[in-house]
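Participant: turn this into a model:
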Amino acid sequence: MTKYIFPYIELYPWIPVSIGYDNSWFNILAILDSGANISLFSRELGERIGVPIESGFEHEVRGIGGSLVVYKHDLKLKMSQKGKETVLNITADFTKEIKLPFYIIGRENVFNKMNITFDHDKKIMIEII
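Facilitator: As a prediction, the model looks like this:
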């Protein structure tokens, strides 16, 4: 099993990943959020990697800040560290219109592929299963 360890950044579980669609990849920092059902990315990021945003499954998501119209797509999530690399097939939602202040990697179709330990305020340990 492949293991990754990432330090917390400014007291949050940010992890460096690459998001891919077809043969296009983009590097981002995202919050690994065990409280989020979905992974959520901006329309801007989707367009940058060639995702045909509005061809995805349209639905509404709700959270603390209200609700958003989003489009679900199949993507690839790549983690790399010290010569190791793992690519996972995931699903994620892209916003219809707005930019996001940050990207979220949530539980759906992600957390079932890894064991995660949050060492509060210190590090995130991810073991790919």
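Participant: could you use CA atoms for every contact and neighbour count after this?
Facilitator: Fine.
Participant: quick check: closest non-adjacent residue to the residue positioned nearest the centre of the chain.
Facilitator: Nearest to the centroid of the C-alpha atoms of the chain, with distances taken as Cα atoms, centre = their mean, sits Ile105, at 3.1 Å. Among residues not flanking Ile105 along the chain, Ser39 sits closest, at 4.2 Å (Cα to Cα, 6 or more residues apart in numbering).
Participant: confidence score at the one you found?
Facilitator: Here, the pLDDT recorded for Ser39 equals 97.
Participant: my guess is it meets Thr91, correct?
Facilitator: Yes: between Ser39 and Thr91 there is a contact under Cα atoms under 8 Å: 7.3 Å.
Participant: name the next helix or strand downstream of the top strand by length along the chain, please.
Facilitator: Assignment by DSSP state E gives strand 66-81 as the longest strand of the chain. Per DSSP states H and E, the first helix or strand lying C-terminal to strand 66-81 is strand 84-95.
Participant: next one: that following strand to chain centre, how far?
Facilitator: Distance of strand 84-95 from the chain centroid (Cα atoms, centre = their mean, to the nearest Å) equals 6 Å.
Participant: remind me what it packs against, helices and strands.
Facilitator: If you count contacts as 3 or more Cα pairs under 8 Å, 6 or more residues apart in numbering; DSSP states H and E, strand 84-95 packs onto strand 40-41, helix 43-48, strand 66-81.
Participant: buried residues, that strand. List them.
Facilitator: Neighbour-count burial for strand 84-95 flags Leu88, Ile90, Thr91, Ala92, Asp93, Phe94, Thr95 (criterion: 16 or more other Cα atoms under 10 Å).
Participant: and stretch 108-116, by the same measure?
Facilitator: So, applying 16+ other Cα under 10 Å, buried residues of stretch 108-116: Glu108, Asn109, Val110, Phe111, Lys113, Ile116.
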